[in-house]
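3D, please:
(2 chains)
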2 protein chains.
Amino acid sequence: MSILSLDVGGSKLLLARFSQGEIVEERQIPTLAHEGREALLKRMVELILSMKEDASSIGLLIPGVIYQNSYVRKCSNLPLNDFDLKAFIEKETGLSAFVGNDVSFALYGEWKKRGGHFNNVVGLFAGSGLGGGLILGGELYSGQGAAGEIGHMNYIPEGRSCGCGGWGCYESYVAKSGMLQRLEEFAQEGGNSILLEGRKSGEMLDSRVLAKGYKLGDSLAVELFEESARALGSAIASLHAVLEPDLFILGGGVVDDYGEEYFDEVNKWAQILVMPSMANTLKIETSMLKGKAGIYGGYYFAKGK
Amino acid sequence: MSILSLDVGGSKLLLARFSQGEIVEERQIPTLAHEGREALLKRMVELILSMKEDASSIGLLIPGVIYQNSYVRKCSNLPLNDFDLKAFIEKETGLSAFVGNDVSFALYGEWKKRGGHFNNVVGLFAGSGLGGGLILGGELYSGQGAAGEIGHMNYIPEGRSCGCGGWGCYESYVAKSGMLQRLEEFAQEGGNSILLEGRKSGEMLDSRVLAKGYKLGDSLAVELFEESARALGSAIASLHAVLEPDLFILGGGVVDDYGEEYFDEVNKWAQILVMPSMANTLKIETSMLKGKAGIYGGYYFAKGK
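Next up is the predicted model:
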């Protein structure tokens, strides 16, 4: 008996089939979100049915606010707002469906892959944005439904504007959306950087290019790296004071592509900025599953945890 | 059958006897912590026995890190570090004892007094310091033992030094320890303020004096009021992004003595600084039990919740 897990991303739909705890088949198609809800749902169902075989259940990862593993309350990049996705998928495919926030599922995947031993774990995933997930008391924690928005804690009073409509959020310093603001400001000032080569204005940064620029010692790339690591260290230190979890797990393109030097710098700042009497309980690791963490989380949920 | 609750504070021991949910008797003696552990324990036992009557159990509030409602792991103001207070009190008094952190018990008291309906509640208590407590999933949350140190989240990078050994913590802007730093700096610069009248250097501020200064429009007092309210609003906004609790409860001398205008200012800043998409789930109230919240929390614990 196999289990499916579908990552419903803003640009691609990635479906994986799991057997005995490992991915045995993957298929990917573009999301084409601009075609609207009906077309998107049709593509999802066709993709699922094409790989259903002996599967009995499916996990679905959505970049949005999800209620009760069923209902998409809000999702800015996909035409699925206020929609009972679980009921729809179950009716159309005959599979049991479990819907979750992509970042929460990513943390869940990391946690289960480690054996699920820790009671309290905080995940921070830095890519275009800075997403967060919380496992508290051995369960995914969602507050009133939207908890875990770690990237939107206040960092710099009256700092950079943020995609959320606020300003000075951690996301605006840790993640690529914030780096992009600084890069465009730098370009307007006539600055010179490897990161500006061959770019179209407004295009999202590629974390592999950021990592390459840093390794080459490009001054803007070094500035962005240091600013990001310090901000992420500060977020971790603040969260440790509040939640003192057993473990922090860091993931996302920024963490993965910058690699060990970034992790060391984040760790350094977290140790500098944490409440001194709590420094000895602070533990940080990087993602084991990298880009596949969410897919694994969906699988574990669909499997019945 | 009555129940006791003892607030073991840095300067006073306050014992209350509860009957049918209300305080029917109170007695207070000085702590005299400088006389050492043995003398302190003797005073505590004598006080308890003097009011024991038909009591069967007692709650004990300690300003420190407590493990498993029994063991004082760390307590900076009292000579009780690494001591099994529960076992000692039970042996010496014959009562069942429940030991807890004073701020956690204060939040617990507020929560139970409201009927215990909310699943997730965050408490912030601003006095000399800024203490925090968390109820998550209907239970007090303590992480690895010391969680809830909300006052030691990072606020201003490279900001004021803090009693915790770090710097720029929320406590250094919200609470009186931080206001004191600003006041002394102001005095050294030769500034003139009602708050400086009749003060001894190093003496802790009185929140009633702060409130009076603010009402009189004293410029330093207004500055401290505004800085404190904005910082507390920022802490609430950040915590709402992470935990999205059902309710925030504010208490402590600063909140109580400044009164409604302070609450309104905190609320204003929390609404400005919260992640816009989560503003509609933000709910803040002030303490119902004021200085008695912790004593009530100890009572509820001793009662078997």
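
could you point out which element follows the lengthiest helix in chain A?
Longest helix in chain A, counting residues (DSSP state H): helix A:219-243. Sequence-wise, the next helix or strand downstream of helix A:219-243 (DSSP states H and E) is strand A:247-251.

now the angle from that next one to helix A:219-243?
Angle, strand A:247-251 to helix A:219-243, by axes from the mean of the first three to the mean of the last three Cα atoms, to 10 degrees: 150 degrees.

Can you confirm whether strand A:247-251 lies near chain B?
No: figure legend: strand A:247-251 not in contact with chain B (Cβ under 8 Å from any Cβ of the partner chain); closest approach 10.4 Å. Where you see a C-beta, it was placed from the backbone N, CA and C, and this is true even at glycine.

which strands and helices sit next to that strand?
helix A:102-113, strand A:121-126, helix A:219-243, strand A:284-286 (3 or more Cβ pairs under 8 Å, 6 or more residues apart in numbering or on different chains; DSSP states H and E).

CA atoms only for it, dumped as CSV, please.
Output in CSV follows, covering the C-alpha atoms of strand A:247-251 (Å, rounded to 0.1, in the frame of the first residue of the first chain):
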residue,chain,number,x,y,z
LEU,A,247,15.4,22.1,19.2
PHE,A,248,15.5,24.7,16.4
ILE,A,249,15.5,23.4,12.8
LEU,A,250,16.7,25.7,10.0
GLY,A,251,15.9,25.2,6.4
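
tell me which residues in the helix or strand where A:Lys91 lies are buried?
In the assignment (DSSP H and E), A:Lys91 maps to helix A:85-93. Buried residues in helix A:85-93, counting neighbours by 16 or more other Cβ atoms under 10 Å in any protein chain shown, are found at A:Leu85, A:Lys86, A:Phe88, A:Ile89, A:Glu90, A:Glu92, A:Thr93.

Out of these, which are close to chain B?
Subset of the buried residues of helix A:85-93 in contact with chain B: empty, counting by Cβ under 8 Å from any Cβ.

can you list the residues you listed in a markdown table and add distance to B:Lys113 and pLDDT?
What follows is the buried residues of helix A:85-93, written out as a markdown table (distance: Cβ to Cβ, whole Å; pLDDT from 0 to 100):
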| residue | distance to B:Lys113 | pLDDT |
| --- | --- | --- |
| A:Leu85 | 40 | 98 |
| A:Lys86 | 38 | 98 |
| A:Phe88 | 44 | 98 |
| A:Ile89 | 44 | 98 |
| A:Glu90 | 44 | 98 |
| A:Glu92 | 49 | 98 |
| A:Thr93 | 49 | 98 |
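
Enumerate every residue touching A:Ser11.
Residues in contact with A:Ser11 (Cβ atoms under 8 Å, 6 or more residues apart in numbering or on different chains) are A:Pro30, A:Thr31.

circling back to that earlier point, chain B: which of the helices and strands packed on strand A:247-251 is closest?
helix A:219-243 (3.8 Å; Cβ to the nearest Cβ).

Quick check: closest non-adjacent residue to the residue in the stretch 151-300 of chain A positioned nearest to chain B.
Residue nearest to chain B within the stretch 151-300 of chain A: A:Glu244 (3.0 Å; Cβ to the nearest Cβ). Closest residue to A:Glu244 in three dimensions, ignoring its sequence neighbours and counting by Cβ to Cβ, 6 or more residues apart in numbering or on different chains: B:Gly143, at 3.0 Å.

In which helix or strand does the residue in the stretch 51-200 of chain A positioned nearest to chain B reside?
Nearest residue of the stretch 51-200 of chain A to chain B: A:Gly143, at 2.9 Å (Cβ to the nearest Cβ). Assigned by DSSP H and E, A:Gly143 belongs to neither a helix nor a strand.

show me what contacts it?
With the criterion set at Cβ under 8 Å, 6+ apart, A:Gly143 makes contact with B:Asn120, B:Leu243, B:Glu244, B:Pro245, B:Thr281.

any idea which of these is closest to chain A?
Distance to chain A across the contacts of A:Gly143 (Cβ to the nearest Cβ) is lowest for B:Glu244, with 2.9 Å.

hang on, the earlier thing: save the contacts of A:Gly143 as a markdown table, and put in neighbour count and pLDDT too.
Listed next are these as a markdown table, based on neighbours: other Cβ atoms under 10 Å in any protein chain shown; pLDDT from 0 to 100:
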| residue | neighbour count | pLDDT |
| --- | --- | --- |
| B:Asn120 | 21 | 98 |
| B:Leu243 | 26 | 98 |
| B:Glu244 | 23 | 98 |
| B:Pro245 | 25 | 98 |
| B:Thr281 | 16 | 97 |
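
Compile these into CSV and extend it with columns for distance to A:Gly9.
Formatted as CSV, the contacts of A:Gly143 follow (distance: Cβ to Cβ, whole Å):
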residue, distance to A:Gly9
B:Asn120, 30
B:Leu243, 27
B:Glu244, 24
B:Pro245, 30
B:Thr281, 26
